Every structure is written in C-alpha cells, then in structure tokens.
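1. only the shape, not the letters, is given here:
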C-alpha cells in the first residue's frame, strides 16, 4: 500500500542489536535480508540509541 501512495519513501525495520546479532547476522538471516531487501536500523534498547543503519547500497555507522 505504501509503495502505491509514496513509491519514493523508504521503509526501515528497527531491530534491537541482540536480535540482529543472534538472528539476522547468521547465514539464514542474511539470506532473508537480501531476498526481502530489508532496510534495517539496529538499535541498543538499553541505551536507547541507534547503532547502525543497513540499506541496500551501504552501511551507515552512527
């Protein structure tokens, strides 16, 4: 629906760092990320801060 309304908008999935490390950084998680073209924002849930952003083209360290 969002792609119909605003096709230029990027949608990011915010994921706690512990989930990224345990699931999305493993081979199966990497495959899912690539196949689904997931754009991620990894955050520290305890410090309440963004650690990094992963897009299709590059990785942003924040």
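-> Perfect, I can see it now. Since this is a predicted model, take the numbers as computed values, not measurements. Residues are numbered from 1 along each chain as shown.

2. mind listing the strands in the protein by residue range?
-> Listed in chain order, the strands of the chain (DSSP state E) span 12-16, 39-44, 49-54, 59-61.

3. would you turn those into TSV with distance to residue 1 and mean neighbour count?
-> C-beta coordinates here come from the backbone N, C-alpha and C atoms, glycine included. Formatted as TSV, those follow (distance: least, C-beta to C-beta, whole Å; neighbours: other C-beta atoms under 10 Å):
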stretch	distance to residue 1	mean neighbour count
strand 12-16	16	14
strand 39-44	17	17
strand 49-54	24	14
strand 59-61	27	9
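
4. so where's this structure shaky on pLDDT?
-> Where the chain drops to pLDDT under 70, the residues are 56-62.

5. in it, where's the longest helix?
-> Assignment by DSSP state H gives helix 27-36 as the longest helix of the chain.

6. and that helix, how far from the chain's centre?
-> 11 Å (C-alpha atoms, centre = their mean, to the nearest Å).

7. reformat the strands of the chain as a markdown table; add distance to residue 24.
-> What follows is these, written out as a markdown table (distance: least, C-beta to C-beta, whole Å):
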| stretch | distance to residue 24 |
| --- | --- |
| strand 12-16 | 6 |
| strand 39-44 | 7 |
| strand 49-54 | 9 |
| strand 59-61 | 13 |
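
8. can you pull the contacts of residue 54?
-> 33, 38, 39, 40, 41, 42, 60 (C-beta atoms under 8 Å, 6 or more residues apart in numbering).
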